[in-house]
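Participant: Sequence below, structure please.
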Amino acid sequence: LLRSLIGELEPSAGTIKLGNNVEVAYFDQELSDLNEAVSVLDNIWEVDPSAEAGTMRGFLGRFGFTGEDVFKMVSALSGGEKTKLCLAKLLYHPANLVILDEPTNHLDIYAREALESALREFNGSCLVVSHDRFFLDEVVNKIVHLRDGGAGVYPGNYSFFHEKRLEQQPSTKTRAPKDKTDYLQFKEQSRRRARLKKEIESTRARVESLEVELAELVEKLNTGVSADDWQALQDLTNRKAELENEIIETYVALEKLENTRLD
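Facilitator: Purely as a prediction, here's the structure:
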């Protein structure tokens with residue numbers, strides 16, 4: 001969807017039309033906007049060659065690049081550092097429409113806060129795809145929920161969206177058990193509720209485990225494998241794709257569990 005919006009893919013149906021004078025900037029998970037052959041400071045200087053060094057270093061400091069860090073070669077940075085630098089380049093002179101694909105991946109708490117602050121101060125529009133619900137609560141004021149071939153629009157952050165989704169589901173009230181049959185039904189429903197809670201907790205733990213593995217794998221791809229070791233690079237790339245698909249599938253399963261009705 002995002003690649004269609006930025007013109008890289010033709011839509012399979014329908015048309016895409018941007019408003020007049022819309023300038024689009026896109027942050028992709030592959031971090032393709034970075035020049036790995038130069039330093040952190042030189043990368044940000046490419047955005048504004050006439051800026052003073054102090055201005056650039058102060059801006060980079062907001063994203064965790066302080067002191068001698070600004071002179072590091074980009075090729076030597078970790079995956080998280082590259083993500084931060086790519087976001088810094090994107091937000092230095094932002095376009096009036098910024099599209100962000102999973103921008104919080106690999107970010108530490110300080111970088112997340114810097115990103116949240118920059119987006120709150122941004123005067124343009126942002127389209128954010130993220131599984132990070134806490135981040136969405138901080139930066140968005142509208143949720144577009146794609147499901148069953150349609151789009152539902154909710155004015156508010158993720159918590160508001162989640163609350164409205166729950167309100168749309170038929171309510172179930174627990175009746176006090178009146179006889180043995182009611183008691184047995186009540187007892188079975190309690191068991192099902194306990195099993196569901198356990199399954200939700202297990203699925204959440206699975207998501208966290210997969211994301212940790214993905215972060216470690218991306219770090220290894222960026223810094224831990226020789227560029228000449230094609231087989232290792234291919235194996236890691238294949239595993240990365242598997243992990244990303246499994247994370248998406250696990251999030252879908254988690255959403256279904258969280259929306260499960262116990263009649």
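Participant: so how far is Ala118 from Val40?
Facilitator: The gap separating Val40 from Ala118 is 17 Å, by C-beta to C-beta, to the nearest Å. (Glycine included, C-beta is placed from N, CA and C.)
Participant: what about the two, which has more around it?
Facilitator: Val40 (26 against 20; other C-beta atoms under 10 Å).
Participant: For the stretch 1-150 of the chain, which segments count as helices?
Facilitator: For the stretch 1-150 of the chain, the helices defined by DSSP state H, counting those that start in this stretch cover 2-5, 40-45, 53-61, 79-92, 109-121, 133-139.
Participant: Run a quick neighbour tally on the residue nearest to Tyr110 when sequence neighbours are not counted.
Facilitator: Excluding the flanking residues, the one nearest Tyr110 by C-beta to C-beta, 6 or more residues apart in numbering is Gly64, at 5.7 Å. By other C-beta under 10 Å, 17 other residues sit near Gly64.
Participant: mind listing what Leu2 touches?
Facilitator: Leu2 sits next to 26, 99, 101, 127, 129 when contact means C-beta atoms under 8 Å, 6 or more residues apart in numbering.
Participant: Assess the claim that the residue nearest to Tyr110 and Lys82 are in contact.
Facilitator: No - look at Gly64 against Lys82 with C-beta atoms under 8 Å: they stay out of range, at 11.9 Å.
Participant: By mean pLDDT, flag the weakest helix or strand of this protein.
Facilitator: helix 180-219 (a mean of 79; mean pLDDT, DSSP states H and E).
Participant: name the helices or strands packed onto that one?
Facilitator: Helix 180-219 sits against helix 79-92, helix 230-258, with contacts defined as 3 or more C-beta pairs under 8 Å, 6 or more residues apart in numbering; DSSP states H and E.
Participant: deepest of these, which one?
Facilitator: helix 79-92 (a mean of 22; mean count of other C-beta atoms under 10 Å).
Participant: now for that one, which elements pack on it?
Facilitator: In terms of contacts (3+ C-beta pairs under 8 Å, 6+ apart), helix 79-92 is packed against strand 24-27, helix 40-45, helix 53-61, helix 109-121, helix 180-219.
Participant: Thr260: which of the ones you listed is closest?
Facilitator: When these are compared by C-beta to C-beta, helix 180-219 sits nearest Thr260, at 5.9 Å.
Participant: Could you check how far Leu127 is from Ala253?
Facilitator: Distance check for Leu127 against Ala253: by C-beta to C-beta, it reads 26 Å.
Participant: go on, Gln29?
Facilitator: Gln29 sits 22 Å away from Ala253, going by C-beta to C-beta.
Participant: Show the low-confidence segments of the protein, by residue range.
Facilitator: Within the chain, the stretches with pLDDT under 70 are 170-184, 186-187, 262-263.
Participant: Can I get the helices of the stretch 1-150 of the chain in TSV including distance to Glu249?
Facilitator: Output for the helices of the stretch 1-150 of the chain, formatted as TSV (distance: least, C-beta to C-beta, whole Å):
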stretch	distance to Glu249
helix 2-5	19
helix 40-45	35
helix 53-61	37
helix 79-92	23
helix 109-121	25
helix 133-139	18
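Participant: closest to Gln189 out of the ones you listed?
Facilitator: Checking the helices of the stretch 1-150 of the chain against Gln189 by C-beta to C-beta gives helix 133-139 as the closest, at 28.0 Å.
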